[in-house]
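J.: return a 3D structure for these sequence lines:
(chains A and B)
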Amino acid sequence: MTLRTFTRFASLLLLLLAAVPAAAQAPQRVVTLNLCLDQMALRLAAPGQLVGVSYLSRDPHLSVLADRAATIAPVRESIETILTLRPDLVILGKDSHTRLKRLLRDAGVRVLDLPWATSIEDAETVIERMAAALDREDVGRALIAGMREQRQRLTWQGAPLGTAVYLEANRGTSGKGSLMDELLRLSGYRNLAADLGIGSFGRVSLETVLARQPDLLVLDGAANASPARATEFVGHHALLALAGTTRLASVPTRYSICAGPDNFEVMRLLAEARR
Amino acid sequence: MNRWLLLLVAALYLLSLAVGPAWWPWRLGSEVGWAIVWELRLPRATLGLLIGGVLGLSGAVLQGWLRNPLAEPGVIGVSACAGFAAVCAFYSGLAAAFVLALPLAGIAGAALAVALLMGAVRAGTGTVSLLLMGVAINAIAAALISLVLALSPNPFAYQEISLWLAGSIVDRDLRYLAIAAPFMILGAAIVLGAGRWLDALSLGEDTARSLGADTRALGLRLTLGVGLMVGAATSVAGVIGFVGLIAPHLVRARVDFRPGATLVPSMLVGAALVLGADIVVRLLPTASELQLGVFTSLVGAPFLVRAVRKAHAAWLAT
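T.: Next up, the predicted model:
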């Protein structure tokens, strides 16, 4: 190695070293690649800081912030689309997109893995970590404070309200350990699906629902505007037999699909159904 | 034999009306009890009866017609094509706009698959060629389903279709029964009337023609009949495999191997198999109910292995 190549190499190394801490402090071009992380990033990022969110965030049935997402480039899981956005930070779900993450790191892009939140508390942790990565801690703290205030205000304080069951596409339901389970419990109900031994996602037959006569039926309201085979079930005629005894709440998917600040809208709708 | 089979099917049908997580539903009040039996169990039991019947019957027709013991709507790709057509009707929004679009698309898909098969495989062609043709048709149908799902704006399409294709008759309402049952019954009537000619056809097309059969018209008739039955069944229940394979095998030895005589008993055995399997999945102690099609495949696939080995042994012997 000649002296000249050595100095060139060393200066390059210095440049890289100088660049890394700067990027770690406040990323300028951030991409998020998962509907739920998008929802948080759209709230946390500074104007112009977020340059790409997943294409799903543009769907108003899935995303509360669809309008805001529509002003940002939609991203699919392709390394080329992501790199053309010249990101300095890509935020992805933990345990997913393993190959994509490796390619991004190979291309010199910083990648942040954030865990999948299945409870409000998880969501607070994720928000905290994302806010730190975006150098927006104050916004993160304010968001979390707002969530805690809403949670306290909407939590049912009275006597237990009985059983509730959540029905979504394809006879799907959310049992023990799911976000909906937590929301039902906070709202004063016992989750029938959890009583039946169903895990975080499972299926329940309508006959079981009719037989157990829950006090509240939570339906995934208009799950999606595009034709879906699965949502037919939600409208089954037999459910009308419960009309006299069971209250009904319809919860748009966009409020229940991700753990995060939008979940309190679910609790508000459940409280409304009580009246 | 038919009388005993009929009794068995009737008993299973009544059992199907009586079994469920609520057991005796009238203890919950007459309105809920009525809804459970009339709107949930009745469509389920009746769909089980009809779908099992037409799948058993289709298996018997295809096996006799192709003179091939492995022919079955699921194995040779007829169900998959019906599924593809139903998926198209669904995700294009056609099924929502026009109720009959779903069964009609299923029927068109199934009939097309039968016609394709008959064009490529002459009756009496080796077992292996038929199975390979089935592999090809199944692969095309699966690829086309993926294509339609990729074009669908619904992000949950893959998940719901993989569930639906696994086959189930749970929680279908009376409307589904009303749109599919007439087509299944019509298809069954069309092929049952052809039983006599199926015997002639099993002796070879030339012999059948010399016995007075119009083989061309017969082919069209059987294609239409199987298309109506499998297409309508698949469009409401998804793919319930292997019933059409097992049923004729169980009855064949008892009717002296005459294809025409296997039709009615195969239909009854098919109905008994699906009704029975659907009762079993309800009673299995799983937190979420097992899909009916998954259960019939678990039971039926070993049967296919056995039938392949038997057919192979017979081929070696000739």
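J.: poorly predicted segments of chain A, please.
T.: A:1-24, A:170, A:222-235 (pLDDT under 70).
J.: at 90 instead, please
T.: For chain A, the stretches with pLDDT under 90 are A:1-26, A:61, A:76-78, A:80, A:94-99, A:116, A:167-173, A:199-213, A:219-253, A:273-275.
J.: hey, where'd the helices end up in it?
T.: In chain A, the segments counted as helices under DSSP state H are A:3-25, A:35-44, A:66-69, A:79-84, A:98-106, A:120-134, A:137-154, A:179-186, A:192-195, A:206-212, A:253-256, A:263-274.
J.: the stretch 151-300 of chain B too?
T.: With DSSP state H, counting those that start in this stretch, the ranges of helices along the stretch 151-300 of chain B come out as B:157-165, B:174-192, B:195-201, B:205-210, B:215-237, B:243-252, B:259-283, B:292-317.
J.: please identify the buried residues of the first one?
T.: Spelled out, it's helix B:157-165. Neighbour-count burial for helix B:157-165, with 16 or more other CB atoms under 10 Å in any protein chain shown as criterion, is recorded at B:157, B:160-161, B:163-165. C-beta here means a position set from N, CA and C on the backbone, and glycine is covered the same way.
J.: can you tell me which of those is nearest chain A?
T.: Taking CB to the nearest CB as the measure, B:E160 is the one of these closest to chain A, at 3.9 Å.
J.: circling back: give me whichever of the helices of the stretch 151-300 of chain B is most buried.
T.: Among the helices of the stretch 151-300 of chain B, judged by mean count of other CB atoms under 10 Å in any protein chain shown, the one packed with the most neighbours on average is helix B:243-252 (a mean of 26).
J.: show the average pLDDT along that one.
T.: Helix B:243-252 comes out with an average pLDDT of 92.
J.: which other helices and strands does that helix contact?
T.: On a contact count with 3 or more CB pairs under 8 Å, 6 or more residues apart in numbering or on different chains; DSSP states H and E, helix B:243-252 meets helix B:42-65, helix B:259-283, helix B:292-317.
J.: re earlier: need the buried residues of helix B:157-165 in a markdown table with distance to A:L104 and pLDDT, can you?
T.: Rendered in a markdown table, the data for these read as follows (distance: CB to CB, whole Å; pLDDT from 0 to 100):
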| residue | distance to A:L104 | pLDDT |
| --- | --- | --- |
| B:A157 | 28 | 77 |
| B:E160 | 31 | 75 |
| B:I161 | 31 | 81 |
| B:L163 | 33 | 78 |
| B:W164 | 36 | 79 |
| B:L165 | 35 | 81 |
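J.: A:G175 contacts A:D181, correct?
T.: Yes. Between A:G175 and A:D181 there is a contact under CB atoms under 8 Å: 6.5 Å.
J.: shared neighbours of the two, anything?
T.: Where contact means CB atoms under 8 Å, 6 or more residues apart in numbering or on different chains, the residues bridging A:G175 and A:D181 through contact with each are A:191, A:193-194, A:200.
J.: got a ChimeraX select line for the buried ones in the residues you listed?
T.: Command for ChimeraX that selects the buried part of the shared contacts of A:G175 and A:D181, burial taken from 16+ other CB under 10 Å:
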select /A:191,193,194
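J.: ok, so of the shared contacts of A:G175 and A:D181, who is nearest chain B?
T.: Checking the shared contacts of A:G175 and A:D181 against chain B with CB to the nearest CB, the nearest one is A:A193 at 9.0 Å.
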